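[1] no sequence for this one, just the structure:
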């Protein structure tokens, strides 16, 4: 404690010795003790101050701060409400009220306090930013955009605020009059903001990742790869950068490089399951079946844990009547279940290729349970029905496969063969022509179509 502070404490304590009920001294000393973390002394002084007078807003504000620092948020909320009632136009009271409401997970209260704070202090850039982050419904798209723009004006070159605006513009979620949500991305504006962020903060990993995503959408693969490699060299976004670089390498057919990146992605919790899933696919492509099977089984376990988390989160959103967030969680849940279906099919194909017992068919059934419209899984199930002579069941599966993906030509080919067996020659010819439309060099479909046309002649 420096000399000046010691002297100030001495005078305040002396003032209270002469007049124990001296409110200004009680407040000043409480504030000083609070800054030092001497909570017991603060509590004692505030009790004395409140016993003397109950019309001092600053006393209740200090009490709210003390309770908030002690994680007693419910009582802190009552104290800050009392302070606001006594002095309604004090911005710092609303700033604390926002923090307390956030700790209590009272989103609506948080919004009200932020709106009032902005009314009282229009130049508070942080308040504009916080309110923009709080409003997540597509109905508020334009309002959020304006709040972030104001915040950028008030907090120039703040990369955190600029990134939020870029993120908002790139997401582009807007409500339509019929209540549906439209995705109207402003990629160009987002790109300009992200580029500016990187001039202010060249190490901003999230900006590099998002800029890479935009470049990939615009076929700028070389630029995207460079950005991702830079992000990969950093720490904060290394997992996502590794995963995306793995996908690019896999697409190029460089499976050894893809393997390296997917293993790097797996070291980061958020990307562990997806990284392991893609690694399993790469291992299967490289005919490393045992390793692929192990990775598929591991990622199924991880996806199931994530599935349970999302189910719980979705239900919590519904309890709070936050239907938009609930729909977003449902969309994430559907993606996880799709991944579960794909991974389960991966296990089935690995076990099938190693000529093990037919008990592995359970993995195919699991795949369809998680992802009923999965074209590949329906196709594989259809093939099993054909082996068992169950042509109608097979037909149903192949039809489901082309409903899920009209371009799945192997299912069209099987439907053509089944139609020929059933003497539905026009239907057989139609499916064969679809196969040739999708795969003009398909010799099987060409030969099949010639036989059909010859039999009709």
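    All right, it came through fine. Owing to the predicted nature of the structure, the values given are computational and were not obtained by experimental measurement.
[2] from residue 441, how far off is the residue nearest the centre of the chain?
    Computing the C-alpha centroid of the chain and ranking residues by C-alpha atoms, centre = their mean puts residue 332 first, at 7.9 Å. Residue 332 sits 39 Å away from residue 441, going by C-beta to C-beta, to the nearest Å. The C-beta positions use only the backbone N, C-alpha and C, and glycine is treated the same way.
[3] now do residue 258
    In terms of C-beta to C-beta, residue 258 sits 27 Å off from residue 441.
[4] more neighbours: which of these two?
    residue 258 (24 against 7; other C-beta atoms under 10 Å).
[5] distance of that one relative to residue 341?
    Note on residue 258: its distance to residue 341, by C-beta to C-beta, is 22 Å.
[6] residue 118 too?
    For residue 118, the distance to residue 341 - C-beta to C-beta - is 47 Å.
[7] settle it for me: which of those two has more neighbours?
    Neighbours per residue, other C-beta under 10 Å: of residue 118 and residue 341, the larger number sits with residue 341, 22 against 19.
[8] can you show me the helices along the stretch 351-457 of the chain?
    Read by DSSP state H, counting those that start in this stretch, the stretch 351-457 of the chain holds these helices, from start to end of the chain: 361-370, 375-387, 391-404, 409-421, 425-438, 443-456.
[9] can you put those in TSV and add distance to residue 33?
    Below are these laid out as TSV (distance: least, C-beta to C-beta, whole Å):
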stretch	distance to residue 33
helix 361-370	58
helix 375-387	66
helix 391-404	67
helix 409-421	75
helix 425-438	77
helix 443-456	85
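[10] what would the ones you listed look like in JSON lines with mean neighbour count, mean pLDDT and distance to residue 322?
    Below are these laid out as JSON lines (neighbours: other C-beta atoms under 10 Å; pLDDT from 0 to 100; distance: least, C-beta to C-beta, whole Å):
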{"stretch": "helix 361-370", "mean neighbour count": "19", "mean pLDDT": "93", "distance to residue 322": "26"}
{"stretch": "helix 375-387", "mean neighbour count": "20", "mean pLDDT": "94", "distance to residue 322": "34"}
{"stretch": "helix 391-404", "mean neighbour count": "19", "mean pLDDT": "96", "distance to residue 322": "31"}
{"stretch": "helix 409-421", "mean neighbour count": "22", "mean pLDDT": "94", "distance to residue 322": "40"}
{"stretch": "helix 425-438", "mean neighbour count": "18", "mean pLDDT": "93", "distance to residue 322": "43"}
{"stretch": "helix 443-456", "mean neighbour count": "14", "mean pLDDT": "86", "distance to residue 322": "51"}
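[11] of all those, which one is nearest residue 94?
    helix 361-370 (47.6 Å; C-beta to C-beta).
[12] run through who's touching the closest one.
    Helix 361-370 has contacts (C-beta atoms under 8 Å, 6 or more residues apart in numbering) with 337-338, 340-342, 344-345, 347-348, 351, 374, 377-378, 380-381, 384.
[13] ok, and the closest non-adjacent residue to residue 31?
    Closest residue to residue 31 apart from its sequence neighbours, by C-beta to C-beta, 6 or more residues apart in numbering: residue 62 at 6.3 Å.
[14] just confirm the one you found is within a strand.
    No. Counting by DSSP: H, G, I helix; E, B strand; the rest coil, residue 62 is not found in a strand; it is helix.
[15] what count of nearby residues applies to it?
    The tally of other residues near residue 62 (other C-beta under 10 Å) stands at 23.
[16] next one: the one 4 residues further on
    Taking other C-beta under 10 Å as the criterion, the count of residues near residue 66 is 21.
[17] that one touches residue 43, doesn't it?
    Yes. Counting by C-beta atoms under 8 Å, residue 43 is a contact partner of residue 66 at 6.4 Å.
[18] tally of neighbours for residue 75?
    15.
[19] check contacts around it.
    If you count contacts by C-beta under 8 Å, 6+ apart, residue 75 has them with residue 67.
[20] tell me the contacts of the spatially closest residue to residue 217 that is not a sequence neighbour?
    Leaving out its chain neighbours, the residue that sits closest to residue 217 by C-beta to C-beta, 6+ apart is residue 187, at 6.8 Å. Applying C-beta under 8 Å, 6+ apart, one finds that residue 187 lies in contact with 169, 170, 214, 217, 218.
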